[in-house]
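Participant: Let's see this in three dimensions:
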Amino acid sequence: MAGTIALTYDDGPDPVWTPLVLAMLEQHGAQATFFVDARRAIRHREVIDAIRDGGHEVGFHCLDHVRHSQRAGGGVGADLEIGLELLGQVRVRPRAWRAPWGDETEVTRRLAAEWGLRLWGWNVDTHDWRGDPTVRMLDALETQGGLRDGDVILMHDALGPGALRDGCAATVGLTAGLLQRAAGIGLMAATVSACEGVLA
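Facilitator: Alright, predicted model coming up:
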């Protein structure tokens, strides 16, 4: 699938911000991947349904947002197993997994293989958790060369650990800006699993 980028969102779902991101994606006819916190998914089942109904992908992020390198191997396994069990309660069987902070270990990779999950990192970090305005984030992307075919872009549709902002409005605006720029250079946005084998 040439000419493709993947917009990805971590730490949700959020009952306020995720629907606004979904509305922006729908407006642009784009698909994205949401790497979700399993506990939040249980609390906000209706948002998970909306993600799926929009043709987007629900991936697994975590049960507890802890770096895998700071856990014993059994801790990573328990987080994954319980998290997947909770997601099963909202009718989600993920194919994609992103470790908290993108911190993968040998245990992470072994478990991914055992559970049939593809691990996904990113090559474009928007740093949206810092609370920068949308324009500044888009300008930072331009100084790094702009959007390119194959980019996997990290954003957050909820407030996770370390967030320096009190909401995700700038991420909603960033989503719109990224999709406008992508369309202008002939790139489409798809889920990571739809692009497997094409994206890095």
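Participant: So the closest residue to residue 134 other than its chain neighbours: helix, strand or coil?
Facilitator: The spatially closest residue to residue 134, leaving aside those adjacent along the chain, is residue 173, at 3.6 Å (Cβ to Cβ, 6 or more residues apart in numbering). Backbone N, C-alpha and C define where each C-beta goes, glycine included. Under the three-state scheme (DSSP: H, G, I helix; E, B strand; the rest coil), residue 173 adopts helix.
Participant: so how many other residues sit close to residue 173?
Facilitator: The number of residues packed near residue 173 is 18, by other Cβ atoms under 10 Å.
Participant: go on, the one 3 residues further on?
Facilitator: Counted with other Cβ under 10 Å, the neighbours of residue 176 add up to 17.
Participant: Kindly report the same for the one 5 residues further on.
Facilitator: Number of residues near residue 181 (other Cβ under 10 Å) recorded here: 16.
Participant: Can you name the helix or strand that it falls in?
Facilitator: helix 169-184 (DSSP states H and E).
Participant: next structured bit after that helix?
Facilitator: Sequence-wise, the next helix or strand downstream of helix 169-184 (DSSP H and E) is strand 188-189.
Participant: Paired strands for that following strand, with orientation please.
Facilitator: Strand pairing for strand 188-189, determined by DSSP bridges: strand 4-10 (parallel).
Participant: Now do the partner strand against helix 169-184: the angle between them, please.
Facilitator: Per axes from the mean of the first three to the mean of the last three Cα atoms, to 10 degrees, the angle that strand 4-10 makes with helix 169-184 is 170 degrees.
Participant: Compute the mean per-residue pLDDT across strand 4-10, please.
Facilitator: Strand 4-10 shows a mean pLDDT of 97.
Participant: quick one: secondary structure of the nearest residue to residue 89 once chain neighbours are set aside?
Facilitator: Nearest in space to residue 89, with sequence neighbours left out and distances taken as Cβ to Cβ, 6+ apart, is residue 42 at 6.4 Å. Here residue 42 is helix, with the state taken from three-state DSSP.
Participant: ok so, going back, check which helices and strands the helix holding residue 181 sits against.
Facilitator: On a contact count with 3 or more Cβ pairs under 8 Å, 6 or more residues apart in numbering; DSSP states H and E, helix 169-184 meets strand 4-10, helix 17-27, helix 134-143, strand 152-156, strand 188-189.
Participant: and if we set it to 6 Å?
Facilitator: helix 17-27, helix 134-143 (3 or more Cβ pairs under 6 Å, 6 or more residues apart in numbering; DSSP states H and E).
Participant: Over to residue 159: give its phi and psi.
Facilitator: Backbone torsions of residue 159, given as degrees, to the nearest 10, read phi -90, psi 110.
Participant: which regions of this structure lie under the pLDDT threshold?
Facilitator: Low-confidence segments of the chain (pLDDT under 70): 1-2, 197-200.
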